[in-house]
Structures are given as structure tokens and as C-alpha cells.
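In: fold the following for me, if possible:
(2 chains)
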Amino acid sequence: MGPAATTPRPGGGARPPSWTILPSMEPDTRRAPHLATRGLSKVYGQGGAAIHALREVDLDIAGGELAILLGPSGSGKSTLLNILGGLDCPSSGQVLFGEQELTAFDDRHLTAYRREHVGFVFQFYNLIPSLTARENVDLVTEIAVEPMPADQALALVGLQQRMDHFPAQLSGGEQQRVAIARAIAKQPAVLLCDEPTGALDSQTGILVLDAIARVNRDLGTTTLLITHNAGIAGMADRVIHMADGRIASQQRNARRLAPAQLHW
Amino acid sequence: MRRVRLHPLDRKLLRDLWHIRGQALAIALVIAAGVGMFVMSRGMLLSLEHTRDAYYERYRFADLQAPVRRAPESLLERARELPSVRRAETRVRASALMDVPGMDAPVSAQLLSLPRDHRPAINDILLRRGRLPDPARADDIVLLESFAQAHALNPGDSLHAIVHGKRRRLQVVGIALSPEFIYAMAPGEIVPDPKRFGVGWMNREALAAALDLDGAFNELLVLQSRGARAPALIEALDDLLESYGGTGAYGREQQMSDRFLANEIQQLGVMAYLLPPIFLLVAAFLLHVVTARLIETEREQIGLLKAFGYSHRQVALHYMKFSGLITLTGLLLGGLIGQRLGQGLALLYMDYFKFPFLLFQAPASVYLSAAAISLLAAAAGSLRSTRAVIRLQAAVAMLPAAPPDYSRGRRASRQERRLPIDQPSRMILRHLRRWPLRAALTVTGMAMAMGLQIGASFSLDAMDHMIDVSFNLADRQDASLSFVEARHASALQELRRSPGVLHAEAYRAVPAILRNGTRRRHEAIVGRPAGAELSRLVDSSLRPVTLPEQGLVLSDKLAELLQLQVGDMVQLQITQGRRVQREVPVSAIVQTYLGTSASMSLEALNRLLAEDGQISGAHLLIDDKQAMLLFRHLKQLPAVAGIGLQDQMQRAFYDTLDESLGTFTFFNTLFATLIVVGVVYNSARVSLSERGRELASLRVLGLTRAEVSWILLGELGLLTLLALPLGAALGYLLAAFMVQSFDTDLFRIPLVVSPATFGYAGLVVVLSALASGLIVRRRIDRLDLVAVLKTRE
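Out: Next up, the predicted model:
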């Protein structure tokens, strides 16, 4: 573990003092397109061995919304996220990204969709070990249509001091923040996070969630975050509970809490 | 029957092997190629040696032959009394021209006598069809099988021969093989051509009468006592025959057929020990890469097994079995391939080497050696990974391995950072810098394959060059004609007047012994006219050499064998006529690829021999349109002993080359492809396995399949490009080594590698790499993005 994960931050997990709001990071008025599913089902396998990962899911996520998907293992959260991100295809049903129907896309168009509109953050970071933090971000900025500079993306997650470090030289939290910077550098319409704090201790986790909340707020990125951790639910606009491949319940938070106010 | 119950670990082993069957097969095939080549060449070598020895023994092939002009039969008893002579026999040998139906050009032939009332005690023949000559019939002849087959001659047919100036009709009564003519080639030729060189056996009396050798002989054959020293006996025979015109006894190592056979056996030896190690080295490297990766992916399983109580040794053994099984598969395949190739080679050899039979039989020792060396290669290849398995502690193994640290070599890294390249290309560079050894070995493996390809196919370039120099620069005549006996120079005028002869140049050839200290060589001294235009000598820069008025001009190989340099004195003893002995200076050294030669100016040679312008034959330039007329005319000339035609010699040479080299080039291309595919495919698969997660991440980030493939295949492409110059250099070195090891007094291969050969070898490497890349590319396309990302590495 690197120093960032073990050294308590001033203010007990609040925004580190080095974070600065850059002029271009003023709240974005662009409205990210609406993301919706209609009768979305996903079945793995066939016959008796078939597993219904998703059953007729109807969901609408407004542009700029921060939604949290909660639920036990096997409830279908990751499957839903992967389909929304164009990584997987449903067995039936529709996915709409604005006016476009994702479910009609072939592999090439799905790749383009991910390239231009979607940012991913995973539990295990998935950074390229042979590239430095900045270069990892540049991987995306080089191919994106309207990217922000890599330094700016890294500054947004508080890593301007560690831009030339390789993943092996960064702590888990720092690596995850690089992953976030990499995901948002293209200024995506949608940010999909699959257990982004699953491998982190709570203090580091809060730093990561803070970065995600900032991106959602400052860039207006529609954000979907999977977690097992109900304690995180307070930072979302909406909490969607999933069970057995269905949406079991949904609740709207009257007020979003700052990650620093969360406890788990 | 009870079902064999495999230990669960062995079952796991089989499943793991099945899982990487493509890679395992590629490695097994590389091993099989090495083993196959070893079994083929070593087995063929032993089969040839064994067959030759048995044949020589059974048909009593002479240890020594002593040609003599004319010696009385009574001398035989004295020869038999010489120390270490086991058996001795005399015979009559004659050069002849044969006029075969359907052949325009006359055919050179050797006629040999058979004893009247018994089988030859030495150099017996193997009668394949028909019968031996009837002692009562002077015109019965037994023909050498290859010659008879080439002209479809059978017992009962007849043909004409000009023997010692007399034309006679001969009756074919039998077809035979002889240990003397396993490789039957006319003197001065480069490859056997059974159409243009005949051998026949006749009654002693009949042949002796034709040559005026009644009660006399012109060749003495000797079998030595076992363990006797040949040089002492050669001296004794030379002393015995000197006053009868002995031109010098010689042993088997100077006998043309045996020399070529020995030369082929030597080449097989080089092949058996030079090429297979290349394959096994590559196989060792591939096993290293694959087992190292296997152990990395099975790290947690290794920890688990150890935690369960399996000993370090048991776990290591499990992974050694992995290499062992692949090697065993390769070994079995290689044994079969070697066996089949050997059988094919034996058939090919039967075209040149006329044995009664030639069976490819590799003894068990060959297979055992192949097994030993390939298992050694396997052990070398899996040594590091086995050590890693033993060292891995259970508790450590069950934790995921630390991510590879690319921060080492910061300075280089900083320079790389400034390179204006995209991140995927940067990944390629960093990966190469992080694992330089593997990259170097991959490059070396491919370079070896290319080198092998060049080493195998450069001989065609070399032969082309050799032919070009020999036939277009040096010997530019259309035909070379030799007289039965030396004639006065006026015979040249006669030849010049013959139909179709555009130009004729005389030469004089006399047998001689050259001595420098203890070194001695039998060599024909060739007298050449000043300003010769047809048959010329060329120096090492391939410029024509003007014959000096004095002294000897030696070919480079002869100078090397006698350890002579320009300006040195050499003892020259003519073994004909007055047997002049003189010390002469070496005045120049010239380049020849075929055989050895010693020349001097025709005038100087005539002076030395105190002759009045004698010549042994002539080189002719012929008008193609009148060639037929000329041949018909020459066949009638009693003075003509033999005619060699350059274009037929060339054609025979190329026919032989196409057949044998064509086959070898095919197999070498196949083997080189195998190595490249083995190396590139395995490297790519291992890389893919190591970096699958990385590549999947990039796909998730929105990089296209092509962009992601570039990271893996671009790296291999870069390595392939690096391998090309190295492969060219290795190929050149291998060619140089082969030139060295094939350097004999029979022929030397020039070190000439054409750009086309480099190009072809490079193309084989590039195409094989591309094919392997495409196979892996399909796997990249099928990467399961979700599965890869959900798991912890």
C-alpha cells in the first residue's frame, strides 16, 4: 500500500486541501441524454441450466442523475451495468441512449459508443501497468472526441502530484482515482462504476466516492454506481434495490449527502 | 477390463495440456523436426556406412589400386609376397568410346577384365541378370546396371565400342553392379550421368588382346592385411611397378566412387550434429516460456497443493511432467518422421549410389540419443520454472502476484515519455524493455529459423555461381576430347578441319606425383597453350590468369593440401614415360571449385618431358548445327578415347541438384516455418494470456479490436523486423560454416548467398509470423470483456 492509503488526510476524509476547482469545471449545463431500458432480460445458458440474470427490467435514468444500484450477489446489478455500458447484449428488451437504441448496435457501433460516451470504473482498477498515471489517462484522451487534458482529469481526482508514477508505485486508492480520471477524461455522458470502493478501506473509499460525486456534479455526467454497501446510498439522487434480476424497490433521497458525511 | 484410474493431478495435467493444445502441438512439432532430422541424417549415415561396409566386404573391394602401363603377369607373385598383402590380382582396364543406338554423342566407357576361370578375387561384381561372359567368346560384355538401364539395354542386345582404336561389336550378356562403381562417374565429370558413362566387363583374353596386353596387365588390385599401414604398401607397390610404367598406387580414399560416398557420409554427419540442436534450442526456449506462464497462472493452485501437504518435489514433478509429455509427443512424432524421411532419402540415394539394396535402418542407439538430447533440452527449458515452483511458499503463492513494476530504469522511462508516440505503442516499448530476455529469445528463435532457411537454400546460389565460374569463365569449350595415347601436335590441325569445329585448343596431361616434404598428391599435370581462350584459369577475383612461362600453377585446394605458396619449390615426378623428376617453383595459385588441378605452360611441359610437341587431347568450340556431323565423325576416329560435352554435364548437374536440393529446400522451408510459427504463436499466446486483462480493459475504454491487436501484434511485428537482419547474419554464418565443413578436394562450395535467398528466407519468416499473428488475432477478437474485468488478477 502506498502512503495515500495509510496516511490519514487532514479533515478526516474530507476534500484534501490540494484539490482545486478549475475554471472549466464549473457545473456543466449540458444535459446528458436520458438512459432507459424496456423489458430488459438476460439469460445465461439454456434449458434447465439457464440463469435469468435480468427479468423484464424497465428503468429510466435522467441525464445527470447519480443512481446507486444496491443488491446481493447475483441480483443482476453488474449485468445491467454491463448492458448499459455496451459491454454485453441483452437476451431481449431494449436499451435506449437518448434517441438511439443500443440494442440495435453491432460490435463496431458498441465500441464507438463506449469510446465516445461511456466511462467505466471497476473494482480492480484495471490500469495498464506499463503506463504511468498520465499515460493511462492519455490512452483515452488520444481517441476521444472532446477530451479534457490528462493533467486536468488527474487534478480533478487530486493526483496532480503523482501523474508520472506507474501503477505499481501507487496505492490502491490512488490507482482507483487514476481509473476515475481515465474514465472521465473523455467527458463521457455516462459514468458506470462497478464496486469502485470494493477493494478499498473506508477512508480511501471516501476519497474515491468524492471524486465520483464531483464529476457527476461538475460535469453533469449521468452516473450509475454498483455497491454492496448500503452506507453509500446517501450520496445518490436515487437508490435502486435489485433482487433476482428485478428491480425490487427504488427510493429517492431528498438530499444528497457529501461522501465525507457517509459512514460504513 | 479395469479402468485405469488416473491421479487427479495427472488428470489436471492432461486437461491443462488440452487447454493449450495449439501451443503444446507447436512445441512438439519443433521437437519432432529436430528429432526427425537427427534420426534421418544419423540413421542414414549409419545405414550407408553399414551397407557400404557389407558390400565392400562381400564383394572384396580393393584396398589399393595400382595402375601401370604394362607389366608382365609374373609380377603378380612378387606383389603377393609384399608384406601386408592379403590378396592381389591383376586385370586389364581400357578406356573406350561406346556407340549406343539412339545417342548422337559418343559415350565414354571403362572396360574391365574378368578372370577366365574364377570369380574376381578382388572387385567382384554382382550379376543382376544374364550371365558372365563365355570364356570362349571374345565379344561378350556385362554392363553396369545404371548404364544399361539408361539406354534400355538388355542381355541379347548389342552395341559398338571403339577400344584402343578398333571398332567392335559387343554382345550384352549380363547386367551387373560393382562396389567400385557405387557412384559411377566419368573422369573429369561432376555428377554421375549413366547415359554418358558406361562400364563393362569382358573376358581378360579378349580385352588384353585388344590392348596388346597378352600375358600382361595394366592394373594391380590389392587387399591388405587388417591393420596394415597403407602408405608403406603404396611405396612398395610403386617401387615394384616403377620400371613397368606404374603411375602410382592409391588407396580407397582416392578412388572416385568411394570418395564421393565418404563425402556424402561426412555431409550427413554435419547435418546430424549441426541442424537438430537448433530445433532443440528453440524447443527449450518455447518450453521455458510456456511453463513459466503456466506456473504464473497456476500460482494459487501451487500454493493450495502445498497447503494440502504435497511436497515441493511432488508439485515440481507435476509441472515437469507437463514438459515431459510435450517432449515425449515430439520425440515419438520425430521418430516416425525421421523414419519416413530416412526411407525417402534412401530411395533418393538409390538414384546416385548404386547399392544392391539400401535400407534405411536407424539402430536403437540413434533413437536413444535423440531421446536423450531432447529430454535434456526439455529439462533445460523447464529448469527455471521448476525451480520457481519449488521455491514458491504456500502462503505467498495463495496471494496474488505483485503487479509488474515498470518504474525500473527511470532514465530510459523518462526518455520514452518524451517520444511522440501514442500510448498503445508506448505499451509495446515498455513491455519489451521490461522483458528484454524474452524479447531477445523470441528474436533469436525467429532469426534461427531464417538462418536455417538461408543455410539450407544458399547452396543453390553457390552451385549457380560454381557453374557460372566453371563453365562460363574458366572452361568455355563445348567439348573436351582425349586421345587414347598422346599424339603429335599436328593432330590438332586435323581436328580443326573436322566438320563443325569452330576452334580447337590442345592440351597435354601427364600423371604425376607432387611432393612437399611428407605431403604427396597424385595429380595430372595439364599443359596449356599460351593465350588459351577456351579452357582458362581464373584467380580468386575471377580474373583470367596468364600462364607463366615457368613453373606450376596450382589450384587453391591443392596448394592448401600440399601446404605450398607462390614461390615455394615442389617435387614433381612424372609417372609416365621417362619418369622425369624435377623440382619446380609454384608460380601462381588459381581458384577452382571442382577437384584440384596443377597446370603449366604446354611448352614448358613439353620441354620438361623432352617431347616434341605432344598433345593428349583438345578442347573444342562447336557449331551447334553441325554437332551431329562432328560426333559421327569422331566416333569413327580410332585415336579418340573419350569426349566430354559441357552442356550435357551442366544439364546432368542441374538435374541432380533440382532433385536433391529441391527436396531438401522443401523440408527446410517446412521446418523453418514450423520454428517461426512455434515461436511467434507461443509468444503471442503467452503474451495474450499475460495481458488479456489489459487488452480487455482497453476494449472497455473504447479501443477497437484493431487498436488492441496492435499492442500485441505490433510487438511481434517489431520483433519480427528485428529478427530479419539477425536472421540474415545467422544464415550467412551458417552458410559459411557449411562451406567450411563441405570443403573437400572433390569440390568446394563458394560462399555466395544471393539477395533472393535472403529475401525468400525473410518472406518465410514474415509470412509464418503473420499467419501466427492472425490465429492469435482471432482470440483477441473473442476476448470476454466482462469475465476478464470481474475477476481479480
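
In: quick one: contacts for the closest residue to chain A within the stretch 651-793 of chain B?
Out: Here the stretch 651-793 of chain B gets closest to chain A at one residue, residue B:702, 2.7 Å apart by Cβ to the nearest Cβ. The C-beta positions use only the backbone N, C-alpha and C, and glycine is treated the same way. By Cβ atoms under 8 Å, 6 or more residues apart in numbering or on different chains, the contact set of residue B:702 is A:111-112, A:114-116, A:118, A:140, A:143-144, A:186.

In: please repeat the previous calculation with a cut-off of 7 Å.
Out: Shown in contact with residue B:702 (Cβ atoms under 7 Å, 6 or more residues apart in numbering or on different chains): A:111, A:114-115, A:143.

In: mind putting the residues you listed into TSV with secondary structure?
Out: Compiled in TSV, the contacts of residue B:702 are given as follows (DSSP: H, G, I helix; E, B strand; the rest coil):
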residue	secondary structure
A:111	helix
A:114	helix
A:115	helix
A:143	coil
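
In: of those residues, which ones also sit close to chain B?
Out: A:111, A:114-115, A:143 (Cβ under 7 Å from any Cβ of the partner chain).

In: buried stuff in the helix or strand where residue B:234 lies?
Out: According to DSSP states H and E, residue B:234 maps onto helix B:230-241. Within helix B:230-241, the residues scored as buried using 16 or more other Cβ atoms under 10 Å in any protein chain shown are B:230, B:233-234, B:236-238, B:240-241.

In: same question for stretch B:142-161.
Out: Here stretch B:142-161 shows B:142-148, B:150-151, B:153, B:155, B:157, B:159, B:161 as buried, counting by 16+ other Cβ under 10 Å.

In: hmm, who's touching that stretch?
Out: So stretch B:142-161 is contacted by B:96-101, B:109, B:125, B:128-130, B:132-133, B:167-178, B:181, B:184, B:194-195, B:197-201, B:354 (Cβ under 7 Å, 6+ apart).

In: sorry, back to before: select from the buried residues of stretch B:142-161 every entry located in strands.
Out: Using DSSP state E, B:142-144, B:159, B:161 are the members of those that sit in strands.

In: any idea which helix is longest in chain B?
Out: In chain B, taking DSSP state H as the definition, the longest helix is helix B:646-701.

In: near chain B, which residues of the stretch 1-150 of chain A?
Out: A:78, A:82, A:87-88, A:111, A:114-115, A:120, A:122, A:124, A:126, A:128-131, A:135, A:138-140, A:142-143.

In: which ones among the residues you listed are found in strands?
Out: residue A:120.

In: quick one on the thing from earlier: what is the nearest of the contacts of residue B:702 to chain B?
Out: Of the contacts of residue B:702, the one sitting nearest to chain B (Cβ to the nearest Cβ) turns out to be residue A:115, at 2.7 Å.

In: wait, isn't that closest one in contact with residue A:141?
Out: No: using Cβ atoms under 7 Å, residue A:115 makes no contact with residue A:141, being 11.7 Å away.

In: could you point out where the chain is predicted with low confidence?
Out: You didn't say which chain, so I picked chain A. A:1-32 (pLDDT under 70).

In: actually chain B
Out: B:1-3, B:400, B:403, B:408-414, B:788-793.

In: check contacts around residue B:353.
Out: Residue B:353 sits next to B:182-183, B:261 when contact means Cβ under 7 Å, 6+ apart.

In: and residue B:33, by the same measure?
Out: For residue B:33, the contacting residues are B:279, B:671, B:674, by Cβ under 7 Å, 6+ apart.

In: could you dump those residues to a markdown table with distance to residue A:160 and neighbour count?
Out: Listed next are the contacts of residue B:33 as a markdown table, based on distance: Cβ to Cβ, whole Å; neighbours: other Cβ atoms under 10 Å in any protein chain shown:
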| residue | distance to residue A:160 | neighbour count |
| --- | --- | --- |
| B:279 | 54 | 30 |
| B:671 | 56 | 24 |
| B:674 | 53 | 20 |
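
In: reformat those as CSV; add distance to residue A:230.
Out: Output for the contacts of residue B:33, formatted as CSV (distance: Cβ to Cβ, whole Å):
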residue, distance to residue A:230
B:279, 62
B:671, 64
B:674, 59
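
In: what are the boundaries of the strands in the stretch 101-250 of chain A?
Out: A:118-121, A:190-194, A:222-227, A:238-243, A:246-252 (DSSP state E, counting those that start in this stretch).
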